[in-house]
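Engineer: one predicted model, sequence on top.
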Amino acid sequence: MSPLLLLLLAAAVAAAAAGDALPNGAANDLLPKYGLPKGLVPDSVASYTFDEATGRFEIHLTGTCYVHFGYHLVYYDKTIKGTLSYGAMSDLSGVQAKKLFIWVSVTGMVAHPKQGTIEFQAGFVSESLSASMFDEVPACGKGVGAQLRGAAGVIRELGLLPVEEA
């Protein structure tokens, strides 16, 4: 066997054993296997890791992302972390939803198939939306209106100061 072929084979085995970056779109394909719609994660997945034993996952997007689900605006950070179990995501970080004039962190999602809804949890507050809103994988938006996140976004958009959002 040639040294180059051995090197490629060793690299492939090492990557598989590490459970490292899996192909784009695979994160969306994993969700239905756990009773969740694939559209809960946007189309800009660069890579992700998933530990089947613990359910822990980490999704890396190509950049921050804004998505409209009906009248609801959702912000995805570059990294989304949490725990996946059948019909639910918990210990979620990296996802925020705009409610009135403030952004709230989404900490969990629970599917209710009999009602046809997904319950979004933000601490002790929750809201249910139709699961059909998440049947299709959404495209990321980066428009000026979507990027206005609080005072830092306004200052940056007006060009007053070079502000980096945390």
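Structural biologist: Right, received. Where do you want to start? None of these values were measured; they are calculated from a predicted model.

Engineer: average pLDDT across whichever helix or strand residue 84 is part of?
Structural biologist: According to DSSP states H and E, residue 84 maps onto strand 72-85. Strand 72-85 carries an average pLDDT of 96.

Engineer: which residues touch that strand?
Structural biologist: The contact list for strand 72-85 (Cβ atoms under 8 Å, 6 or more residues apart in numbering) reads 30, 34, 36, 41-42, 50, 54-61, 63-68, 89-98, 103, 106, 108, 129, 140, 146, 149. In short, each C-beta sits where N, CA and C put it, glycine included.

Engineer: show the buried residues in these.
Structural biologist: Among the contacts of strand 72-85, those classed as buried by 16 or more other Cβ atoms under 10 Å are 30, 36, 41-42, 50, 55, 57-61, 64-67, 89, 92, 94-98, 103, 106, 108, 140, 146, 149.

Engineer: show me those that map onto strands.
Structural biologist: Here DSSP state E is the test, and the buried ones among the contacts of strand 72-85 give 50, 57-61, 65-67, 89, 92, 94-98, 103, 108 as lying in strands.

Engineer: show the residue spans covered by the helices in this protein.
Structural biologist: Applying DSSP state H to the chain gives helices spanning 3-18, 26-33, 144-147, 150-158.

Engineer: okay, buried residues for stretch 110-123 please.
Structural biologist: So, applying 16+ other Cβ under 10 Å, buried residues of stretch 110-123: 110-111, 117-122.

Engineer: out of those, give me the two with the largest separation.
Structural biologist: 111 and 122 (16.9 Å; Cβ to Cβ).

Engineer: and residue 126, how far from residue 64?
Structural biologist: Relative to residue 64, residue 126 is positioned 24 Å away (Cβ to Cβ, to the nearest Å).

Engineer: below-threshold pLDDT in the protein: ranges please.
Structural biologist: 1-25, 142-166 (pLDDT under 70).
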